[in-house]
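Asks: Provided below for reference: sequence and predicted model.
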Amino acid sequence: MRPVVALLTDFGLRDHYAGTMKGVILGICPEATLVDISHEIPAHDVLAAALELAASYLYFPAGTIFLAVVDPGVGSSRRAVALEAGDYTFVAPDNGVLTMVCEAIAPRRIVELTDGRYARAAVSRTFEGRDRFAPAAAWLASGVDLAALGRPVAGLHAIEMPRPSVSADGIDGEVVRVDRFGNLVTNIDRKTVERLAGHELAVQIASRRVARVVSTYNDVAPGDLCALFGSSDHLEIAARGASAATELAAARGTAVHVGRGA
Amino acid sequence: MRPVVALLTDFGLRDHYAGTMKGVILGICPEATLVDISHEIPAHDVLAAALELAASYLYFPAGTIFLAVVDPGVGSSRRAVALEAGDYTFVAPDNGVLTMVCEAIAPRRIVELTDGRYARAAVSRTFEGRDRFAPAAAWLASGVDLAALGRPVAGLHAIEMPRPSVSADGIDGEVVRVDRFGNLVTNIDRKTVERLAGHELAVQIASRRVARVVSTYNDVAPGDLCALFGSSDHLEIAARGASAATELAAARGTAVHVGRGA
Amino acid sequence: MRPVVALLTDFGLRDHYAGTMKGVILGICPEATLVDISHEIPAHDVLAAALELAASYLYFPAGTIFLAVVDPGVGSSRRAVALEAGDYTFVAPDNGVLTMVCEAIAPRRIVELTDGRYARAAVSRTFEGRDRFAPAAAWLASGVDLAALGRPVAGLHAIEMPRPSVSADGIDGEVVRVDRFGNLVTNIDRKTVERLAGHELAVQIASRRVARVVSTYNDVAPGDLCALFGSSDHLEIAARGASAATELAAARGTAVHVGRGA
């Protein structure tokens, strides 16, 4: 049995921080398999981390321990927590980074990381990832029960996730992630769009009408814009073989409207 | 026995995509050792991926499974394939990314990934890396025979690799890779240059004569340009302790001429 | 027993170089666990690598083998070495990258990597990371004794590390690392600062007075500058939720003064 610890941080890949956390984990749980989800979350961007985690965690094996350290409040009185939800365990600061996970699956148990036996002896107030979160994840990977890590917690701090609104006029949403290819992932999921069933869909972004809702990028000509349901089943605006973000000068927060067409 | 799965993609390291593929692989084959060759291939750049793969695969242990997902045709009718060549197995879209591998070692067996048992139940048409390629690689790592993955395929789509030409005038080639240090790796291999044996070599690039063909960067003074055979035994233009790419304003495609000198 | 090999290079993550080294290591020692400290050390920057290594190695498990390849002298007559110090083993070019490690822990044994049995058969003069350093680290991970790798060496080449100076006027130091968040890590450690005990500390950088020495970023208002002892117990200038580097237009080498205040 080789437990998987999956890391998501805003530490970047230039500094030693992510590597140092891995050193700490392997010192406690040498048999852990470490996987990077991303270390390139924009600095201090809890919402971006919450979205990235939500898009990926379900594809990891049951038993995976997620270590999500995007922590603008490091060293402050914000809590450090661990929780079990579904087949997974999550270790993170209590700052909202687990909001989407908790909305999808109600946590069975939540604890605050208060037991010093499962942290490093001295906890830096600028790098709790190394001294508190990584050890907690590693001890969990080693088989320590969640309850041992600290006192039970009833609920977590949540952040407001951008949600689409539905009106007679259609759906109003926004871009929530821009990926490396310049694809614009929105907060409009397939279920919401199905409420417009029976109508042709008219997608608008940045005062441009996106001609077609298609199944795959290659349903349009090279360079052309399209809208489609991407890999996390949310509406996505893309340009075949090109960057829709550049083409539309769009970014996170850009409004997207799905109306009833002809 | 811990099978190695080596990943090469254009997914970048900011988004969760590479991490998600690893989650899928470990769910199927928990004992796999995962190695990143690169995830920073320029978006949709099949040729760059083919070159990067060709420069690295021979250094991996026998039995390694290479998962090469640079896939501008994702979701289209382009085939998804797996093949065995030499001591290795490759999983990739059939878009030419394996051209150099297949030129170097004739594949023993090639299959199209048609058997749904070795893909995820629902295959996204924008992220086959997660739903089709990663599972195929993981099942192969788990010991599934290549033939089980789908129907046999006779040959693959190849792309045109830039090749040097030899004339009475010398060798005309080009820069095919610019590395992080600004070294300019050309498509001119040592064997081709040996056809000019008995002559001093005169290397020209960007209308500059490169003074000397040397054995190692430190054979010239700091900052000076040199030409040498690099780690993949191809002619390379470098500047000691500096970037030849910057110095020469050279990029992929820049012409390089090797003439008979004095 | 799964030996840890921790890698620190300036190879970047775009090229295949780091991945190729890992392929070589796994071919020799399949049970190795590979951890990246960083591959984004600025090209040829031995001092930066020495600092990054010094900030991280103590957090790795006993027995870890560190493979530090920032090697502007690749292919030259500079030596390739391996050494044991404390609970760790280090493999690197003898160019000063291990200076801080050797200052902290006197090496027990040092050898030059002269025995060809523990290198690849052909050693490229532009990529000794692949052909000499990675194999040496892998053989050590496999249990080969350090002494087998080559002839004993008495001492190593050291580089001058920037050190703070203490005068009646206070402490004069400088910024030695700028991290991803724009935090400015100085070469002024806590012990040196304690020599000013009994005085309020007045920290100056880039002709700005940093208002307060605090315990954690959140002790000041958002955006405000502060000074604190960071995760490696050195004085650090930061801006809460923002980049002190941008705010102060500071970089490595920027002078920092700690004076006796009121």
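Replies: All right, it came through fine. Numbers count the residues shown, from 1 in each chain, chains lettered A, B, ... in the order given.
Asks: got any ranges where the stretch 151-262 of chain A has weak pLDDT?
Replies: A:262 (pLDDT under 70).
Asks: redo that, cut-off 80
Replies: In the predicted model of the stretch 151-262 of chain A, residues A:198-199, A:211, A:261-262 satisfy pLDDT under 80.
Asks: tell me which parts of it are close to chain B?
Replies: A:177, A:179-181, A:215-218, A:228, A:230-231, A:236, A:238, A:241, A:243 (C-beta under 8 Å from any C-beta of the partner chain). The way it works is simple: take the backbone N, C-alpha and C, and place the C-beta from them, glycine included.
Asks: out of these, who has the most neighbours?
Replies: Using other C-beta atoms under 10 Å in any protein chain shown as the neighbour test, those are led by A:Ala238, with 28 neighbours.
Asks: Unless I misread the structure, that one falls within a strand.
Replies: Yes: A:Ala238: assigned to a strand according to DSSP: H, G, I helix; E, B strand; the rest coil.
Asks: Can you list the helices and strands that the helix or strand where A:Lys22 lies packs against?
Replies: With secondary structure defined by DSSP states H and E, A:Lys22 is part of helix A:17-28. Contact analysis of helix A:17-28 by 3 or more C-beta pairs under 8 Å, 6 or more residues apart in numbering or on different chains; DSSP states H and E lists strand A:4-9, strand A:33-38, helix A:134-141, strand C:4-9, strand C:33-38, helix C:46-56 as its packing neighbours.
Asks: So which of the ones you listed is the most surrounded?
Replies: Among those, helix A:134-141 has the highest mean neighbour count (mean count of other C-beta atoms under 10 Å in any protein chain shown), at a mean of 28.
Asks: Buried residues of the helix holding A:Lys22, list them for me.
Replies: Using 16 or more other C-beta atoms under 10 Å in any protein chain shown as the burial criterion, the residues of helix A:17-28 that qualify are A:Tyr17, A:Ala18, A:Gly19, A:Thr20, A:Met21, A:Lys22, A:Gly23, A:Val24, A:Ile25, A:Leu26, A:Gly27, A:Ile28.
Asks: and the first one, what pLDDT?
Replies: Spelled out, it's A:Tyr17. A:Tyr17 is assigned a pLDDT of 98 by the prediction.
Asks: Please name the nearest non-neighbouring residue to it.
Replies: Nearest non-adjacent residue to A:Tyr17, counting by C-beta to C-beta, 6 or more residues apart in numbering or on different chains: A:Phe11, 3.9 Å away.
Asks: and that neighbour, which of the three is it?
Replies: With three-state DSSP as the basis, the three-state label of A:Phe11 is coil.
Asks: Most widely separated two among the buried residues of helix A:17-28?
Replies: Looking at the buried residues of helix A:17-28 by C-beta to C-beta, the two members farthest from one another are A:Tyr17 and A:Ile28, with 17.5 Å of separation.
Asks: Just the strands from the stretch 151-262 of chain A, written as ranges.
Replies: Counting by DSSP state E, counting those that start in this stretch, one finds strands in the stretch 151-262 of chain A at the ranges A:165-167, A:170-178, A:184-189, A:201-205, A:208-210, A:225-229, A:234-239, A:255-260.
Asks: Let me see the contact set for the nearest residue to A:Gly230 once chain neighbours are set aside.
Replies: The spatial neighbour of A:Gly230 that comes closest, neighbours along the chain excluded (C-beta to C-beta, 6+ apart), is A:Glu236 at 3.7 Å. For A:Glu236, the set of contacting residues under the criterion of C-beta atoms under 8 Å, 6 or more residues apart in numbering or on different chains consists of A:Asn183, A:Leu184, A:Val185, A:Thr186, A:Ala227, A:Leu228, A:Phe229, A:Gly230, B:Thr126.
Asks: Kindly recompute the last result at 7 Å.
Replies: Applying C-beta atoms under 7 Å, 6 or more residues apart in numbering or on different chains, one finds that A:Glu236 lies in contact with A:Asn183, A:Leu184, A:Val185, A:Thr186, A:Ala227, A:Leu228, A:Phe229, A:Gly230.
Asks: One more: A:Arg240?
Replies: Per C-beta under 7 Å, 6+ apart, neighbours of A:Arg240: A:Tyr217, A:Asn218, A:Val220, A:Ala221, A:Pro222, A:Gly223, A:Asp224, A:Cys226.
Asks: Dump the buried residues of helix A:17-28 to a markdown table, plus distance to C:Leu67.
Replies: What follows is these, written out as a markdown table (distance: C-beta to C-beta, whole Å):
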| residue | distance to C:Leu67 |
| --- | --- |
| A:Tyr17 | 19 |
| A:Ala18 | 17 |
| A:Gly19 | 12 |
| A:Thr20 | 16 |
| A:Met21 | 19 |
| A:Lys22 | 15 |
| A:Gly23 | 14 |
| A:Val24 | 19 |
| A:Ile25 | 19 |
| A:Leu26 | 15 |
| A:Gly27 | 18 |
| A:Ile28 | 22 |
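Asks: Between the residues you listed, which sits nearest C:Thr64?
Replies: Relative to C:Thr64, the closest of the buried residues of helix A:17-28 is A:Gly23; by C-beta to C-beta it sits at 7.1 Å.
Asks: just checking, that closest one touches C:Gly63?
Replies: No: here A:Gly23 does not reach C:Gly63: they are 11.6 Å apart, not a contact under C-beta atoms under 7 Å.
Asks: which residue sits closest to whatever residue of chain A ends up closest to chain C in space, ignoring its chain neighbours?
Replies: In chain A, the residue that lies nearest chain C is A:Gly75 (2.9 Å; C-beta to the nearest C-beta). In space, A:Gly75 comes closest to C:Thr216 once its chain neighbours are excluded; the distance is 2.9 Å by C-beta to C-beta, 6+ apart.
Asks: so how far is B:Leu83 from the one you found?
Replies: Counting by C-beta to C-beta, to the nearest Å, the gap between C:Thr216 and B:Leu83 amounts to 55 Å.
Asks: CA atoms only: put the helix or strand A:Phe90 falls within into CSV for me.
Replies: With elements delineated by DSSP H and E, A:Phe90 resides in strand A:88-93, which encompasses its position. The C-alpha atoms that make up strand A:88-93 are tabulated as CSV, following Å, rounded to 0.1, in the frame of the first residue of the first chain:
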residue,chain,number,x,y,z
TYR,A,88,-10.4,11.5,0.3
THR,A,89,-8.6,13.4,3.0
PHE,A,90,-7.7,17.1,2.8
VAL,A,91,-5.2,19.1,4.7
ALA,A,92,-5.3,22.9,4.3
PRO,A,93,-5.6,26.2,6.0
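Asks: No further questions, thank you.
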